[in-house]
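# Sharing a model prediction with you, sequence too.
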Amino acid sequence: MRSALFVSPNFLERVAEPASPFHPDYLAYRRGEITRAELIARLPHVAMLGDSACIGIYISWPWSTLWRARTSRGKNWFLHLDAAPNICSVSKGLEAITPFVAIECAGVGALVDHGHGRQNLLRRILGTRSFSGQVGELLRARRFPDLILISIGHNNVDWAWRCPLDELHDQEQRLQRLSKEFRQNYVRELRRLLEGARTQQHRVAIVVYGLINFESYFKGREAAERLRESDTTLYPHLETTYKYFISFHPAYRRNLNRLASMVNEELRAMVEALNREFVKQTEHIQLRYSKALATADLSRAELLHSIDGWHASIEGHNILANAAFSDLKLSLDFLGIE
């Protein structure tokens, strides 16, 4: 699926205010010197690249899951469009500061991929675009974002998926190989983004979020499993998780935790290396690694969805939103959004 673009609903009223930094643009619009589309293009643009950890979704029956995968935009910790403030999303925090344009690129089942070849049948049915596809869409867009938030890679730590029998027994070798492959694929796509940012006339801030705290997360999952043991009407699709994410099996979780920690260290080191390589020589680009999501406490069952005990509940999205937004000050300061 193509990315979804949302504009602050009251942006015209806000830019019409004399104190607004966009007031001169508004006057130009009123005089007919620029179009409404050109006025919108001058607002800050914020993009989210990610996977289902960034989407308000849960797993149930196949056709129901497919429908939600295609209609679940704007119901998550990054972007929440409903009038009721159920999720205090990053977008709501930003709207308190400035009108802006949100670009939601995240997709169910998205991977940090190798950038070539076809996706499997399930991902094609879901309309999933992995990391390379999401980056490609931003690079082709008329308006390159000012702020890019990246939270992807959670599907890549399913180490037991398609695991050969010999590697299932030699787990250390497999974890090391998967971690290195992840970095190679991630850094290639991040370089593409940085090269695109280098050609822009405006400042660009990129935040690479570490993967969620799986060790904390599985404490919440285990609490949900205990609740289901005592009442089988709870979490009706708890076991369905294992069809899509093999490493969620209790026997495989320890290595999933290890791989997630290895991946986060690769992300941190990668950002550090790219900053040394050329970002510091390009004054209008800022690249940061954030551990905000990797340190968020997800250890309570109520933070998981009541249907699958896998994806985040409304309260879980609030935890992630608060963590993600709390680490944006440096990026917003760099962009001059105060």
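Looks like it came in fine. Residues are numbered from 1 along each chain as shown.

# going forward, measure contacts and count neighbours with C-alpha atoms only.
OK.

# quick one, what contacts residue 196?
Applying Cα atoms under 8 Å, 6 or more residues apart in numbering, we find residue 196 in contact with residue 139.

# Mind listing what's buried along whatever helix or strand it lives in?
Using DSSP states H and E, residue 196 falls within helix 171-198. Of the residues in helix 171-198, 174-175, 178-179, 181-187, 189-190, 193-194, 196-198 count as buried by neighbour count, 16 or more other Cα atoms under 10 Å.

# now swap in stretch 241-250 and tell me
Quick answer for stretch 241-250 (16+ other Cα under 10 Å): 241, 245, 246, 247, 248.

# do stretch 265-275 as well
For stretch 265-275, the buried set under the neighbour-count rule, 16+ other Cα under 10 Å, comprises 266, 267, 268, 270, 271, 274, 275.

# cool, and stretch 331-338?
Result for stretch 331-338 [16+ other Cα under 10 Å]: buried residues 331, 334, 335.

# Off-centre distance for the helix holding residue 196?
Distance of helix 171-198 from the chain centroid (Cα atoms, centre = their mean, to the nearest Å) equals 16 Å.

# Which two of the buried residues of stretch 241-250 have the greatest separation?
Largest separation among the buried residues of stretch 241-250 by Cα to Cα: 241 and 247, giving 9.6 Å.

# Point out the ones among the buried residues of stretch 331-338 that are inside helices.
Judged by DSSP state H, helices contain the following of these: 331, 334, 335.

# Could you report the separation of the closest residue to residue 52 other than its chain neighbours from residue 65?
Excluding the flanking residues, the one nearest residue 52 by Cα to Cα, 6 or more residues apart in numbering is residue 108, at 4.5 Å. Residue 108 sits 10 Å away from residue 65, going by Cα to Cα, to the nearest Å.

# more crowded one of those two?
Higher neighbour count among residue 108 and residue 65: residue 108, with 26 against 16, using other Cα atoms under 10 Å.

# In this structure that one contacts residue 59, no?
No. If you go by Cα atoms under 8 Å, residue 108 and residue 59 don't touch, sitting 10.5 Å apart.

# What residues sit buried inside stretch 105-116?
Quick answer for stretch 105-116 (16+ other Cα under 10 Å): 105, 106, 107, 108, 109, 110, 111, 112, 113, 114.

# In terms of secondary structure, what does the helix or strand harbouring residue 166 contact?
Here residue 166 sits within helix 165-169, counting by DSSP H and E. Judged by 3 or more Cα pairs under 8 Å, 6 or more residues apart in numbering; DSSP states H and E, helix 165-169 is in contact with helix 171-198.

# Name the next helix or strand downstream of the helix it packs on, please.
Following helix 171-198 in sequence, per DSSP H and E, is strand 204-209.

# tell me which of the buried residues of stretch 265-275 is nearest to residue 303?
residue 267 (25.6 Å).

# For my notes, confirm that closest one occurs in a strand.
No. Read with DSSP: H, G, I helix; E, B strand; the rest coil, residue 267 is helix and lies in no strand.

# these two touch, right, it and residue 291?
No. Using Cα under 8 Å as the test, residue 267 is too far from residue 291 to be in contact (10.0 Å).

# Restricting to C-alpha, output stretch 258-269 in CSV.
Taking C-alpha atoms only, stretch 258-269 is exported to CSV below (Å, rounded to 0.1, in the frame of the first residue of the first chain):
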residue,chain,number,x,y,z
ARG,A,258,19.4,-11.6,22.5
LEU,A,259,19.0,-10.9,18.8
ALA,A,260,17.0,-7.7,19.5
SER,A,261,19.7,-6.5,21.8
MET,A,262,22.4,-7.2,19.1
VAL,A,263,20.3,-5.4,16.5
ASN,A,264,19.9,-2.3,18.7
GLU,A,265,23.7,-2.2,19.2
GLU,A,266,24.2,-2.5,15.5
LEU,A,267,21.7,0.4,15.0
ARG,A,268,23.5,2.6,17.5
ALA,A,269,26.9,1.8,16.0
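
# circling back: and the angle for the helix holding residue 196 with strand 204-209?
If you take axes from the mean of the first three to the mean of the last three Cα atoms, to 10 degrees, helix 171-198 sits at 170 degrees to strand 204-209.
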